[in-house]
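Engineer: After the sequence you'll find the predicted model.
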Amino acid sequence: MEMKDFSLEGKIALVTGASYGIGFAIASGMAKAGATIVFNDIKQELVDKGLAAYKEAGIEAHGYVCDVTDEDAVQALVKQITAEVGVIDILVNNAGIIKRIPMCEMTAAQFRQVVDVDLNAPFIVSKAVIPAMIEKGHGKIINICSMMSELGRETVSAYAAAKGGLKMLTRNIASEYGEYNIQCNGIGPGYIETPQTAPLRERQPDGSRHPFDQFIIAKTPAARWGTTDDLVGPAVFLASDASNFVNGHVLYVDGGILAYIGKQPQ
Ligand code: NAP
Ligand code: GCO
């Protein structure tokens, strides 16, 4: 074991849905650790925005338009990346959506849409990259899970079902392809400040904190929301040779939420 095992020098990383938010932070951290960054997003406008943001950060990223739920498009994307950049060494299944709707008011179509992006897509993209990883003799897959891989709450039934499923897909990829030197692990972020959680942090008309915002601060031993930067170290570790015997694990990066029973009444 040497410190160079933490380096991603010479590695190609595909991070899905990484024009901004958690994906952008993870990809930027991997670039600093030496990786070549490839990302996709669903719209050209977002890819252009992402490319400009990477450039501003001094990173020459490769950006593509691709809907990760479309298997043909994903297969074509992986072929194109392989031809234009090289074989993907690291995949981060980051693209995700949430719909906050009480379960009995949610349509089956809305439920399916969330499961499609948050669970079916990681299956589709992983399936597209694994054969070349096997041929190359190594590969790293990181699935972005959630607190909802372990916990439920009102209004997020589809998201929790998908993220719980993603935890098990993680274990299954590890089980099925570990013998080919492929490690598949998850990162379970706690509550992180991104556009996805912005509605939960909106200031109230009187300037006070959103009740959910106060609830999260009280539920988190660190007493704060996470930042996208909090996820970078764990992601680089799980993408690097330093984690070559870590497989099928979900690393929760949650400021202690899952360890905590909650604040006792005063
Ligand atoms: P975000 O700000 O909403 O970013 C998600 C990205 O995925 C967006 O760029 C989005 O594009 C893209 N995307 C959505 N559907 C796609 C599709 N079909 N094909 C390609 N790209 C697609 O979310 P985030 O907060 O950074 O979250 C990133 C991941 O972390 C998600 O999987 C999320 O569930 C997970 N997560 C977030 C938190 C948190 O507190 N923020 C906590 C735990 C886990 P559009 O803008 O076009 O939709
Ligand atoms: C919610 C949140 C989440 C988080 C995250 C927690 O409405 O409860 O949006 O579910 O974003 O996934 O880890």
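Structural biologist: Noted; the coordinates are in hand. Ligands and ions are numbered 1, 2, ... in the order given.
Engineer: Around ligand 2, which positions in the stretch 1-150 of the chain sit nearby?
Structural biologist: By the rule CB under 6 Å from any ligand atom, the part of the stretch 1-150 of the chain lying against ligand 2 is 98, 100, 146-148. Using the backbone N, CA and C atoms, a C-beta is placed for each residue, glycine as well.
Engineer: so where is this structure shaky, pLDDT-wise?
Structural biologist: For the chain, not a single residue meets the criterion pLDDT under 70.
Engineer: quick one: the helices in it?
Structural biologist: 21-32, 44-56, 71-84, 108-115, 121-136, 157-177, 198-201, 211-219, 232-239 (DSSP state H).
Engineer: just checking, which of the ones you listed sits deepest inside the structure?
Structural biologist: Using mean count of other CB atoms under 10 Å, the stretch among the helices of the chain with the largest mean neighbour count is helix 21-32, at a mean of 24.
Engineer: what angle do it and helix 44-56 make?
Structural biologist: 40 degrees (axes from the mean of the first three to the mean of the last three CA atoms, to 10 degrees).
Engineer: quick one: helix 21-32 near ligand 1?
Structural biologist: Yes: applying CB under 6 Å from any ligand atom, one finds that helix 21-32 is in contact with ligand 1 at 21-23.
Engineer: tell me which residues form a beta bridge with the nearest residue to residue 51 once chain neighbours are set aside?
Structural biologist: Leaving aside its sequence neighbours, residue 51 sits nearest to residue 63 (CB to CB, 6 or more residues apart in numbering; 4.7 Å). Beta-bridge pairing of residue 63 under DSSP bridges involves residue 39.
Engineer: can I assume residue 63 is in contact with residue 44?
Structural biologist: No: counting by CB atoms under 8 Å, residue 63 stays clear of residue 44, with 9.2 Å between them.
Engineer: ok, back up a step: filter the residues of the stretch 1-150 of the chain next to ligand 2 down to the buried ones and hand me the ChimeraX line.
Structural biologist: Selecting only the buried entries of these in ChimeraX, with 16 or more other CB atoms under 10 Å as the criterion:
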select :98,146,147,148
